[in-house]
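*Asks:* next come a sequence and a model predicted from it.
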Protein chains: 2
Amino acid sequence: MATRLAERSCQPCERGTPPLPPDQVEALLGQLQGWRVEAGKRLVKRFRFRNFADAVAFVNTIAPIAEAEGHHPDLAVGWGRVDVSLTTHAIGGLSENDFVLAAKIDRAFGGT
Amino acid sequence: MATRLAERSCQPCERGTPPLPPDQVEALLGQLQGWRVEAGKRLVKRFRFRNFADAVAFVNTIAPIAEAEGHHPDLAVGWGRVDVSLTTHAIGGLSENDFVLAAKIDRAFGGT
């Protein structure tokens, strides 16, 4: 059985590597909950919180995960919410790294 | 002489209060640097940083200021940048509070 996404690590990806094809995107998306693909090249999810401070706390939870993976999300923070958006700029689309980071962020959110 | 924006505090604003008229918006905008008004009702500015961690650190600088004022920005965080967006939802546009918070955020960014 394949290693769960959250257990994998982001791999260096080289420019020129093609983005994941739609069938692989769909397969990986099926291993996540609550994420959707935008414009074929961004993986996005909204996380909700009780207030602004809790939303900022989640940014601080995500930051060291992103640093450890060397892969950084875009985060839209507002009162009671953080919208996480992942893409792999170097290849102009989605790579497995985006799904790995999504799974790790989910795991951190769930505290499991 | 009027108190500098950064020295003022956000005031409770009631629903039904009209947003600031364009001439007052222009006058207050003239007291800030690098901010612009979007769609007539949002005050926005991009702050740039050396990396992701510094951008997140700035979110943590802003958070207690927002809590103290009871007025919360939207923050778009990415590698090396934080886009700050301010509006007063209760009145559907800009209030002086937005300019006060902008000035305090500028002051915090400058460390002065």
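*Replies:* Sure thing, it's come through. Numbers count the residues shown, from 1 in each chain, chains lettered A, B, ... in the order given.
*Asks:* wait, does stretch A:42-59 contact chain B?
*Replies:* Yes. Counting by CB under 8 Å from any CB of the partner chain, chain B is contacted by stretch A:42-59 at A:52-53, A:56, A:59. No exception for glycine: its C-beta is placed from N, CA and C like everyone else's.
*Asks:* endpoints of that stretch, how far apart?
*Replies:* 19 Å (CA to CA, to the nearest Å).
*Asks:* again, but for stretch A:86-99
*Replies:* 8 Å.
*Asks:* pLDDT weak spots in chain A?
*Replies:* A:1-2, A:111-112 (pLDDT under 70).
*Asks:* go again using 90 as the cut-off
*Replies:* Of all residues in chain A, those with pLDDT under 90 make up the ranges A:1-3, A:10-17, A:90, A:110-112.
*Asks:* interface residues of it facing chain B?
*Replies:* So far as CB under 8 Å from any CB goes, chain A lies against chain B at A:52-53, A:56, A:59-60, A:63, A:66-67, A:72, A:74-79.
*Asks:* save the residues of stretch A:42-59 next to chain B as JSON lines, and put in secondary structure and neighbour count too.
*Replies:* Below are the residues of stretch A:42-59 next to chain B laid out as JSON lines (DSSP: H, G, I helix; E, B strand; the rest coil; neighbours: other CB atoms under 10 Å in any protein chain shown):
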{"residue": "A:Phe52", "secondary structure": "helix", "neighbour count": "22"}
{"residue": "A:Ala53", "secondary structure": "helix", "neighbour count": "15"}
{"residue": "A:Val56", "secondary structure": "helix", "neighbour count": "23"}
{"residue": "A:Val59", "secondary structure": "helix", "neighbour count": "21"}
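*Asks:* and of those, the nearest to B:Asp23?
*Replies:* A:Phe52 (31.4 Å; CB to CB).
*Asks:* returning to what we had before: who wins on neighbours among the residues of chain A next to chain B?
*Replies:* Neighbour counts for the residues of chain A next to chain B, by other CB atoms under 10 Å in any protein chain shown, peak at A:Leu75, which reaches 26 neighbours.
*Asks:* my guess is that one contacts A:Ala66. True?
*Replies:* No. Contact between A:Leu75 and A:Ala66 fails when scored by CB atoms under 8 Å: they sit 9.3 Å apart.
*Asks:* what comes up buried for stretch A:103-112?
*Replies:* Neighbour-count burial for stretch A:103-112, with 16 or more other CB atoms under 10 Å in any protein chain shown as criterion, is recorded at A:103-106, A:109.
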